[in-house]
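With the sequence up front, the predicted model follows.
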Amino acid sequence: MATGATSIPKPLPRVSEELAPFFAAARRRQLVVQRCDDCGTLRFPARELCAGCLSRRASWVPVSGRGRVLSFYVMHQVYHPAFAAEVPYAVVVVELDEGPRLTTSLVACGPAEIRIDMPVEVTFEDRSDQVSLPVFRPAAAR
């Protein structure tokens, strides 16, 4: 099944107007999340209302890119042919040191090596001329 799978491009996220600042920052190798302009609550993914105070005002701010593995699952089945050569692979939920959580990939680490609370740090994977995605790798000793 993996034969020819590498010629199938991986699906790209839609760069909506709402998420354009996130993807622009990722192209610059910077991880950003929204911060409520009224109460300071950090959030990701972007949304119209703050869960803390219901404000509609928010700005994109840089974060450290450091965090920990909160949860993960290992994909053993091929759901999209572009990922066939990577099975098994892990999908992880990373809780950033600042609090927001991202569902992402863990690179430079096999599924059997992943542990809950494992320290990780962001790196970026270029998927097209317009889209770079934040992915995580095991963190160097802090």
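Sure, I can see it.

roughly how far out does the helix or strand containing residue 23 sit from the chain middle?
Using DSSP states H and E, residue 23 maps to helix 20-27. Taking C-alpha atoms, centre = their mean, to the nearest Å, the mean C-alpha location of helix 20-27 is offset from the chain mean by 12 Å.

let's have the chain start at 386 instead
New numbering, starting at 386: the last item is helix 405-412.

What values do phi and psi take at the residue sitting nearest the centre point of the chain?
Centroid check for the chain by C-alpha atoms, centre = their mean gives residue 489 as the closest residue, at 3.9 Å. Main-chain dihedrals, residue 489, degrees, to the nearest 10: phi -160, psi -170.

So it is in contact with residue 520, correct?
Yes. The pair residue 489 / residue 520 is scored as a contact, 5.6 Å apart, by C-beta atoms under 8 Å. For the C-beta atoms, the positions are set from N, CA and C on the backbone; glycine is no exception.

Count the neighbours of residue 473 for me.
11 (other C-beta atoms under 10 Å).

average pLDDT for the lengthiest strand in the chain?
If you go by DSSP state E, the chain has its longest strand at strand 451-460. Averaged over strand 451-460, pLDDT sits at 97.

Any buried residues in it, and which?
451-455, 457 (16 or more other C-beta atoms under 10 Å).

quick revisit: and the residue nearest to the centre of the chain, how far from residue 459?
Taking C-beta to C-beta, to the nearest Å as the measure, residue 489 falls 14 Å from residue 459.

From residue 412, how far off is residue 498?
Distance from residue 498 to residue 412, by C-beta to C-beta: 29 Å.

With residue 429 instead?
17 Å.

For the two, indicate the residue with more neighbours.
Neighbours were counted for residue 429 and for residue 412 using other C-beta under 10 Å; residue 429 has more, 18 against 13.
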